[in-house]
Every structure is written in structure tokens, then in C-alpha cells.
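Engineer: quick one, what's the 3D model for this:
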Amino acid sequence: MNTTLFTRLTIIAALFMLINACSTDSASSVQEEGLIDSPLTESFKFNHETNTTVLSSRVIKRNESFGAKIKSGSTFIQDTAGVVVESQMLPPNHPGIGEVITDDVLSATHITKRDNKYYVTYHSNEAGNLEGGVQILTVNGDREFSIAEEATSNLFEWNHAYSQRNTIWIAGNANRGAALFGIPTNDDGSINTIDTATVYNLHGRTANATHKIGGVTYVSIGSTNANTVLSDGRGQAGVYALQTRNIANSVTAPKIAAYSNLKYLAEHDGDLIALRYDNSNNAQLIRFSGNPNNFNNLDLSVTTTYQINVAIAPTDGKNTMFIRGNIAYIAAGTNGLISYDISGAGSLVDQIDFNGNNKYGNQELGSSVNAVWGDNQNLYISAGSAFVIIPIDDNGNILKEDAIRIPLSHLVGDFNNDGVTNVDDITASKASVNHAYRINANSNVARVLVAIGRAGVVYLNIDLRD
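Structural biologist: I've put the predicted structure just below:
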């Protein structure tokens, strides 16, 4: 990419008064000696690219069938129109701002939608590297998409996102630790480069997910850095509640419910549901029901805990969840897919092992279940480098005999500086499916954007008919 399109990120400090945050735990929130208490919010500038020639060079139009669609129950193999476009965010040695990070390709992480635009977030998988990006995709018919524009940074990495009117909010990491980032957008969803963006410093180790209910934006912080608990409680691992309408210029400290090992956030009947794992690595859901849509009246101590005696293993995956009706579907790694009824006292409904102990039609569905998403008809599941679709019935039961496995390991590849793919220098483990977004509904052909880590983004057309 042309280096003249980039400028060094400038952090413009904006100091604010801090007030004490609420916490439902007795964990220390004392200022550590020698630690500088940084401001809640700062503004930052980011790189912005709208050069369609440069962006289109990172899109490969395949327009070909990727091979077999394997249906587990009836053991049939059917050729189907599959991957039609493959996209890579940035090639190795890309001319970023500041130091150039070598041998590093950003990993496609999460997809969210606003109007007719799809926002894909990216983060670096290299330890110690803070790089990230947001790509705006537009879908052109049923056979291709295009990259409209993108924002990048080599000081921040960006994970889970949601789009609010005039802002893309992204949970991620900064040099101080966990943070929530706000990138301004125009009314049409394009990136607004007139205003600076906002970073809301939270200081835990990693911001895994964000979710908005009413006037409150929530962020899950997975763990805590040593000696980084600030005087207002920031630095604790836990669920952070931020006042959404004032988030970009906030002088109000977040409210914090201190929990370790937090993963994902979702909503059920107006309550916030947080996924975590306990000291035995068993999955646990926490329901927050104390006015979760109103920051001023929010009470994070009003909770219900659902203990699930199935371990999340390993614990360093995405481990997302999807809730439909009263059923929470949880990605439990090598322990497969969990479905759990969160009505009443809660109860385990089903567990599907994806790692070979349960095979349907002599075909493994995939390896460790990294993440799960869904709609009213299907669950969309990350199973290593395979993408799996499993129908669910009206009661939320998993119809595992009708599971469809889409192998994507053949998409493993990398980009050299000339933009040409090179399949020899990257392993299949770096092409793990991270997220998917179905862009059509109530059709026999599913059109799905899939974020596949360092293999980029692909657009699938999948025939769901027998």
C-alpha cells in the first residue's frame, strides 16, 4: 500500500476528572504506587484508505465451486457453488505507521452490519504487536463483494464490534491494556475522517466483546494486568458498563462487576448475559438484571448464576455464544457445542462433540468449536478451519443429523508484497474460522460472509437443500 496514504498515529491527551466506580466484588481498586492514572477518554487519528485500486488488489475473484458439501446424517456429498471471493486485509511487510511489522498478516475477526454495509474487524496474532483494522464491505449481487474503504492502526488491535448510528464501537487492546474504540461514521455508514476517533481506556488485559442495551454499553474484560488497578477501579477484570450517550466525552467512570475469565456478552429478555469460565474451566453464565438499560439506575449486583458442568477447553479461543428464545448456544472448544436453557433455574439441553467422538455418517463435523452464531433457522459454527451449519427447530433443538460441513482449509494462503498468494508460508492453524454473518434469510441458498483469520474474508453461497 502506498506509504503516502499513512500518517503516524497521534494521540491527543484529554484529561478528565475521575470518580469512583461501582463494583460488586471486594477486589482491590487501590491506586498502585508509581502507576500513572491515565484519562478515561482520549482522541486518536487513524489511517484511512479509499483508493479503490489499492483495495481491489487485495480481492481475489474465484467464482468457482470449492468442492464437496458433506451432509452428516445421510452421508451424501454434493457439489455446490461455494467460495466466490477471497479477501486479505493487508500483506506482510505492509507500510504501516511507525515501525513496519514484518511477517505479520492481520487476522479477520468479527463481522457486524449497518444498513447495506458490513464491517470486518482485524487484529494481530503476533505476541506484542498492536495492529488492527476495520474494513467496510459492500455486497454486489450474489457472486461477489467489494472493499469500499478501511481504517487501520499499528497502535491498537480491534476485536468484537457493533455499529451504532454514526459510530463503530470496537472492543480491543491499546498499549495501556483493554479499551473500547469508537470510529465515527457518516449517515451513509462510511468512515468520517473529519472528526477524531475515541479510545476509552479500561486497562484490563483484553477486551473480548461489547454489547449495547438501551443507554448502556457493556464491555467484557477477560483478565487483569499486574499492578494496573486504578483508583476508580479500572484495571479489574469484569463487566464494564459505560454511559453510551456520553461515551465519547465521558467524565463518568464506568460501573464494574468484577469477574475473572470473561468471554462473551449477549442479551436475553432485556438482561445482559455474560459468558465466563470458573476456576475449574467450567462454563458459567451470569445474568445481570438490575436495570441493565439505564446507566443511572444500573445495579450490577443483581445477578443470577447458571453453572454449567462442561469445561471450556482450551480457554484461549473466541468462545462466543448465541441466544435464541430461551436457549443459549455456547462454543466450548474441544468439548463441542453446548445448548443451555436459561429460563427459570437453567438446565443443560444438549452437548455435541465436534472432535471425533460423535461422528455422523462417518464424517467428523470439525475440530474444536471456537465460536457460534445463528439466526431463526440455523447455527453457524467455527470448527477449526471448517465452517458448519446446523439447523435448529422451532423449540431450539439442534438438528445435528442435518449438519452441513464446509471444509475451508484449501483457502489457507498468504499475500506477498506483490499481492500474490503464497500457500507455502502459512499453516492451516492460521486459517481458523472466527465469525460469520448470513446476509440473506428464508432462502434455500445461504449467502454468508465468513471471517477466516489470516486467510481473510470469503463469501459463500451454500445450497441448503437435500
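Engineer: just the CA coordinates of whichever strand or helix holds residue 171, formatted as CSV?
Structural biologist: Using DSSP states H and E, residue 171 falls within strand 167-174. The C-alpha trace of strand 167-174 is given here as CSV (Å, rounded to 0.1, in the frame of the first residue of the first chain):
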residue,chain,number,x,y,z
THR,A,167,-20.1,5.2,15.4
ILE,A,168,-18.5,1.8,15.1
TRP,A,169,-17.7,0.7,18.7
ILE,A,170,-15.0,-1.9,18.9
ALA,A,171,-13.6,-3.8,21.9
GLY,A,172,-9.9,-4.3,21.7
ASN,A,173,-6.5,-3.5,23.1
ALA,A,174,-4.3,-0.5,23.4
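Engineer: show me what that strand pairs with in its sheet, parallel or antiparallel.
Structural biologist: Applying DSSP bridges to the sheet, strand 167-174 is found paired with strand 157-164 (antiparallel), strand 177-184 (antiparallel).
Engineer: right, and the helix or strand after the last one?
Structural biologist: Under the assignment DSSP H and E, the closest C-terminal helix or strand after strand 177-184 is strand 197-201.
Engineer: tilt between the very next helix or strand once past that following strand and strand 177-184?
Structural biologist: For strand 197-201, the following helix or strand on the C-terminal side (DSSP H and E) is strand 207-213. For strand 207-213 against strand 177-184, the angle by axes from the mean of the first three to the mean of the last three CA atoms, to 10 degrees is 50 degrees.
Engineer: and the helices in this protein, which stretches?
Structural biologist: 52-56 (DSSP state H).
Engineer: residues in contact with the strand holding residue 171: which ones?
Structural biologist: Strand 167-174 has contacts (CB atoms under 8 Å, 6 or more residues apart in numbering) with 112, 114, 119, 121, 123, 130, 132, 134, 155-163, 178-185, 199, 201, 206-210, 212, 217, 219-220, 247-248. Just so you know, the C-beta spots here come from the backbone N, C-alpha and C atoms, and that holds for glycine as well.
Engineer: circling back to that earlier point, nearest to residue 393, out of the strands paired with strand 167-174?
Structural biologist: strand 157-164 (28.4 Å; CB to CB).
Engineer: mind listing what's buried along that closest one?
Structural biologist: 157, 158, 159, 160, 161, 162, 163 (16 or more other CB atoms under 10 Å).
Engineer: how about stretch 168-185?
Structural biologist: 168-174, 176-185.
Engineer: could you do stretch 198-214 as well?
Structural biologist: 198-213.
Engineer: and what of stretch 43-51?
Structural biologist: 43, 44, 45, 46, 47, 48, 49.
Engineer: repeat that for stretch 387-399.
Structural biologist: Neighbour counts using 16+ other CB under 10 Å place 387, 388, 389, 390, 391, 392, 396, 398 of stretch 387-399 among the buried residues.
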